[in-house]
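Q: output the structure for:
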Amino acid sequence: MSASPTTKILLALRSGDRCAFPGCGRCLTVDAPKGNDPVILGEAAHIAGEKQGAARFNPTMTDAERDHFDNLIYLCGDHHTQIDKQAAHFPVESLLKIKAEHEAKVRDGMIAAFAEIGFPELQVATEWVTTFRPGKDLNDYSVLAPDAKINKNSLSSRSRLTITAGLSVARIVGEFVQYQAQLEADYPERLKAGFLQEYYRLRYEGFAGDDLFDMMCDFAQRGMKGQARRTAGLAVLVYLFEKCDVFEK
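A: Prediction:
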């Protein structure tokens, strides 16, 4: 067995798409030439080894526990090799601490970046809207307040923190959407429709709670580089979390 594609996406998201090894911070997505899909270089490294004979293997763990998000750390290939080849220097407790500190640093950086969001970042974060056309059945705006949605979807304090930070810049996002609507009247509907389509797709695949929210966060960032642009994508998602029926049904 190995970590599922979804688990790897969540790991990359919560790691800010950067190697968690102290002092590295390497960006682990590389743009491909000629507009092709970017290449993902990051590796979901097992903290307690994946199989017998692997570094830090724990025979008392189940396969599901070994491949769970909590037992994985996002690393570049070089540092994945290093922690496994030098296992004595990187015990489980040390790697868990490195993982926790890195993911906390990413969360803190994301929260701080909300204060830097402006129209240029939002423009980049929503470039995909120009290629999207809404359906005819996406006009039902939510009546639930954000806090009610958070409770309804059993979102954790981690997701609540992102939503609260995003709501702090909702006015800027709203002004940006209104400005774009002056240029393209159907812009708000196309923006909303793109997120709703992904939301319903994920719901159909069985995602719920924090995993659903994180997958929507990954969608909102769309492989963007740079904290400001990635956070702008999150700000748009949170704006729609408040304004439409994302997380409503």
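Q: point out where this protein drops to low pLDDT.
A: 1, 32-38, 130, 132-143, 223, 245, 248-249 (pLDDT under 70).
Q: in it, which spans are helices?
A: For the chain, the helices defined by DSSP state H cover 5-14, 63-66, 77-85, 92-113, 119-125, 146-152, 157-167, 170-183, 187-204, 209-221, 227-243.
Q: residues of stretch 192-208 that come out buried?
A: Using 16 or more other C-beta atoms under 10 Å as the burial criterion, the residues of stretch 192-208 that qualify are 192, 193, 194, 195, 196, 198, 199, 202, 207. Placement of C-beta: from N, CA and C, glycine included.
Q: which member of those is positioned nearest residue 178?
A: If you rank these by distance to residue 178 using C-beta to C-beta, residue 192 comes first, at 13.7 Å.
Q: touching, the closest one and residue 241? I think so.
A: No. The pair residue 192 / residue 241 is not scored as a contact, 11.1 Å apart, by C-beta atoms under 8 Å.
Q: circling back to that earlier point, looking at the helices of the chain, which is buried most?
A: helix 227-243 (a mean of 24; mean count of other C-beta atoms under 10 Å).
Q: remind me what it packs against, helices and strands.
A: For helix 227-243, the elements it packs on are helix 92-113, helix 119-125, helix 146-152, helix 157-167, helix 170-183, helix 187-204, helix 209-221, judged by 3 or more C-beta pairs under 8 Å, 6 or more residues apart in numbering; DSSP states H and E.
Q: format these as TSV; extra columns: distance to residue 11.
A: Formatted as TSV, the helices and strands packed on helix 227-243 follow (distance: least, C-beta to C-beta, whole Å):
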stretch	distance to residue 11
helix 92-113	9
helix 119-125	22
helix 146-152	23
helix 157-167	14
helix 170-183	27
helix 187-204	17
helix 209-221	10
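Q: nearest to residue 9, out of those?
A: Nearest of these (C-beta to C-beta): helix 209-221, 5.5 Å.
Q: and the helices of the chain as a markdown table, adding distance to residue 42?
A: Shown next, in a markdown table, are those (distance: least, C-beta to C-beta, whole Å):
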| stretch | distance to residue 42 |
| --- | --- |
| helix 5-14 | 5 |
| helix 63-66 | 19 |
| helix 77-85 | 9 |
| helix 92-113 | 12 |
| helix 119-125 | 21 |
| helix 146-152 | 29 |
| helix 157-167 | 20 |
| helix 170-183 | 29 |
| helix 187-204 | 21 |
| helix 209-221 | 13 |
| helix 227-243 | 15 |
